[in-house]
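> Based on what follows, work out the 3D shape:
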Amino acid sequence: MNETPAPPLLFLFDMDDVLVRYDWKVRMAALSELTGHPFEELRRRWWDCGHEMRAEAGGFADGDEYLAAFERAMECDVPESDWARIRGAAMTELPERIEAVRIASEHGRVGLLTNNGPLAGRWIHEWAPSLPEVFGEHLDTTSNFGARKPEPEVFERAVLHHGVPAERTFFADDMPENVAGARSVGIHAVLVEHDTDLREHVRAFVAAQHEPSPVA
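As a prediction, this is how the structure comes out:
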């Protein structure tokens, strides 16, 4: 009797502090210089009142709407090129972590899943040029799925989008609450810390998925 082939594997990865090092202090300092607002005021006008979380959950229709709202909050012009330059300058690729994505791509589909809004989605390929090389078109921000991590809905919608069941999905994130959210829907999730070798976690997941099922 022929055995039914197992569903494919899916590997989802967070971006900031997983595949790239993100220095938010560098970004805030540059935004303060651009807008003229000190750090505390900058945070109050956009982040502390939930605008960025709204963007991550799909609350803005596109990058233009996001930037217009950001300019209104800052009460000044913020050219998209400057916004993007400042965000990108705070990011540094982590080659060993990106190598883990390359390893994963040999065993299934790989996709990005980062808490970011639609304007970030326009620029990720510029900020981290290695990412489109390994992910192809699957550079998704959570705004694409109308929810943000750690909400279970974003994980459910992501695996549905990719057509792979949760139990055949691997996810890596640096935030414990996001890992817990993924696990709540049956995804194999790994917490990425400073010394985590993500390549070994990918290999272990692949090996476990190919182990024969126990005989009842």
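> residues of stretch 175-186 that come out buried?
M175, N178, V179, G181, A182, R183, V185, G186 (16 or more other CB atoms under 10 Å). (C-beta placed from N, C-alpha, C; glycine too.)
> and the residues you listed as JSON lines, adding secondary structure and distance to H201?
Listed next are these as JSON lines, based on DSSP: H, G, I helix; E, B strand; the rest coil; distance: CB to CB, whole Å:
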{"residue": "M175", "secondary structure": "coil", "distance to H201": "16"}
{"residue": "N178", "secondary structure": "helix", "distance to H201": "15"}
{"residue": "V179", "secondary structure": "helix", "distance to H201": "12"}
{"residue": "G181", "secondary structure": "helix", "distance to H201": "18"}
{"residue": "A182", "secondary structure": "helix", "distance to H201": "13"}
{"residue": "R183", "secondary structure": "helix", "distance to H201": "14"}
{"residue": "V185", "secondary structure": "coil", "distance to H201": "19"}
{"residue": "G186", "secondary structure": "coil", "distance to H201": "17"}
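> Can you lay out these as CSV showing pLDDT?
Below are the buried residues of stretch 175-186 laid out as CSV (pLDDT from 0 to 100):
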residue, pLDDT
M175, 98
N178, 98
V179, 98
G181, 98
A182, 98
R183, 98
V185, 98
G186, 98
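> Which secondary structure state is assigned to D77?
coil (DSSP: H, G, I helix; E, B strand; the rest coil).
> so where's the chain uncertain?
Along the chain, segments meeting pLDDT under 70 span 1-5, 212-216.
> ok, back up a step: next, give me the two most distant ones among the buried residues of stretch 175-186.
Greatest spacing in the buried residues of stretch 175-186, by CB to CB: M175 and G186 (18.8 Å).
> Which stretches in the chain count as helices?
Shown for the chain, the helices assigned by DSSP state H span residues 24-35, 39-42, 51-56, 63-74, 80-89, 95-105, 118-127, 130-135, 152-162, 176-183, 198-209.
> Out of those, flag the one nearest L12.
Minimum separation from L12 across the helices of the chain (CB to CB) falls at helix 152-162, 6.3 Å.
> chain center to that closest one, what's the gap?
13 Å (CA atoms, centre = their mean, to the nearest Å).
> Just give me the longest strand of the chain.
Ranked by residue count, the top strand of the chain under DSSP state E comes out as strand 108-114.
> what angle sits between that one and helix 198-209?
For strand 108-114 against helix 198-209, the angle by axes from the mean of the first three to the mean of the last three CA atoms, to 10 degrees is 130 degrees.
> Go ahead and confirm F170 touches A204.
No: if you go by CB atoms under 8 Å, F170 and A204 don't touch, sitting 9.6 Å apart.
> Neighbour count: the two, which is higher?
Higher neighbour count among F170 and A204: F170, with 25 against 13, using other CB atoms under 10 Å.
> Many thanks, we can stop here.
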